[in-house]
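K.L.:
fold the following, please.
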Amino acid sequence: MKKLVVGIIRGLMVLFSKLPLKFHYFMGDVISWLAKNVIRYRTDVVWINISRSFPEMKYKQLKEVYNQFYKHFGEIFAEAMWFAGATYKRLYKSGIVEVTNPGTLSEMYDNAPSLTVLSTHCGNWELMGGFLGYRTSDGTGYSFDEEQIRVVYKKLTSDIADEVFARNRVAALERVGTTCEIESTNILRYSIKNRDKKLVYIYPTDQAPYRGTGKYDMGTFMSQRTFAMIGSVGVACKLSHAVIYMKMKRVERGRYEMSFIPICQNASEYTPEEIMRKYYDILEEEIRETPSNWLWTHKRWK
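P.N.:
You can find the predicted model right below:
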């Protein structure tokens, strides 16, 4: 029954995804308006997060960030639905994402046992599964392909929702599909078992620590005391991975820039806390550059 339900939902999503991206943005505007003005989805969380993160801003500035965030929030849903039918050819033709420095990613991968990529909830993380197919600023590709990619994720409570979104996140990965996904509770065991394989591990890293996981006191991030999970960089330190930050900046509707910022070439030379501090420093710089670009509905500071 589960496979049937998942198949029906995915089939409808793929069929719906064939509609033009402009149509999806129209629906995204509707979702944005409903979320902000009717459902009022976490409007109190968003306002508290923004106002505490930017104590230097005046009310008018905070309101602008608030409004622009909900506009972006609707676009995330629109683009995620459109992405359900993604292929490398379609992604490249759309120009929705351009990677500015693919050579940096390849160079760090080539000179390390494996590469740890720390992603965020900036831009649209639902599009990250297609990065091998996006345009690059210099027209070059990467020194690895789908078979080397592993995406670390947190399993959703609903088995059906978990499988639907898992398939959607990697819709563009034509050969490996969901076999590239590793549940977060299994990543240490998996990484050690496969330490002789040269892989690219992609982690979403900016969430609040999950219940039952270890947490590290980061001190101040976005003007607030912040705790973080350090499991991802802990694995990198144990296995001497290179570590890089994945930045995804929204330039305008229908266009993102993805770039990679090196953190360290050999994580074993640093502590997990040092690497994570560097990650959050870069993340804060990115958020302050484009304040509406981050997922402010997330209950990051509990």
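K.L.:
how about the helices in the stretch 51-200 of the chain?
P.N.:
Listed in chain order, the helices of the stretch 51-200 of the chain (DSSP state H, counting those that start in this stretch) span 59-83, 88-94, 102-110, 159-169, 187-193.
K.L.:
among those, which is nearest residue 248?
P.N.:
The stretch from those with the least distance to residue 248 (Cβ to Cβ) is helix 59-83; that distance is 11.4 Å. (Glycine included, C-beta is placed from N, CA and C.)
K.L.:
quick one: which of the helices of the stretch 51-200 of the chain is nearest residue 181?
P.N.:
Proximity to residue 181 (Cβ to Cβ) singles out helix 159-169 among the helices of the stretch 51-200 of the chain, at 5.8 Å.
K.L.:
mind listing what's buried along that closest one?
P.N.:
162-164, 166-169 (16 or more other Cβ atoms under 10 Å).
K.L.:
now those residues in a markdown table, with distance to residue 154 and pLDDT?
P.N.:
Listed next are those as a markdown table, based on distance: Cβ to Cβ, whole Å; pLDDT from 0 to 100:
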| residue | distance to residue 154 | pLDDT |
| --- | --- | --- |
| 162 | 9 | 79 |
| 163 | 14 | 84 |
| 164 | 15 | 79 |
| 166 | 11 | 78 |
| 167 | 16 | 80 |
| 168 | 15 | 81 |
| 169 | 12 | 80 |
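K.L.:
returning to that earlier point: ranking the helices of the stretch 51-200 of the chain by mean pLDDT, which is last?
P.N.:
Per-stretch mean pLDDT for the helices of the stretch 51-200 of the chain is lowest at helix 159-169 (a mean of 81).
K.L.:
so which elements touch that one?
P.N.:
helix 2-17, strand 149-153 (3 or more Cβ pairs under 8 Å, 6 or more residues apart in numbering; DSSP states H and E).
K.L.:
and the longest one with helix 59-83, angle?
P.N.:
Which is helix 2-17. Here helix 2-17 runs at an angle of 110 degrees relative to helix 59-83 (axes from the mean of the first three to the mean of the last three Cα atoms, to 10 degrees).
K.L.:
quick one: list the elements packing against helix 2-17.
P.N.:
helix 59-83, helix 159-169.
K.L.:
thinking again about what came up before, please identify which of the helices of the stretch 51-200 of the chain is closest to residue 293.
P.N.:
Residue 293 sits nearest to helix 59-83 of all the helices of the stretch 51-200 of the chain, at 6.7 Å, using Cβ to Cβ.
K.L.:
can you tell me what sits against the closest one?
P.N.:
Applying Cβ atoms under 8 Å, 6 or more residues apart in numbering, the contact partners of helix 59-83 are 13, 16-17, 19, 21, 24-25, 27-33, 35-36, 46-47, 50-51, 54, 57, 96, 124, 126-127, 129-130, 168, 171-172, 250, 253, 291-294, 296-297.
K.L.:
centre of the chain versus that helix, how much separation?
P.N.:
The chain centroid and the centroid of helix 59-83 are separated by 16 Å under Cα atoms, centre = their mean, to the nearest Å.
K.L.:
any idea which of the helices and strands packed on helix 159-169 is most buried?
P.N.:
strand 149-153 (a mean of 22; mean count of other Cβ atoms under 10 Å).
K.L.:
gap between that strand and the chain center?
P.N.:
11 Å.
K.L.:
quickly run through the sheet partners of it, with directions.
P.N.:
strand 181-183 (parallel), strand 200-204 (parallel) (DSSP bridges).
K.L.:
which stretch in the ones you listed is the model least sure about?
P.N.:
strand 181-183 has the lowest average pLDDT among the strands paired with strand 149-153, namely a mean of 88.
K.L.:
on that earlier part again, which among the strands paired with strand 149-153 is found nearest to residue 5?
P.N.:
strand 181-183 (19.6 Å).
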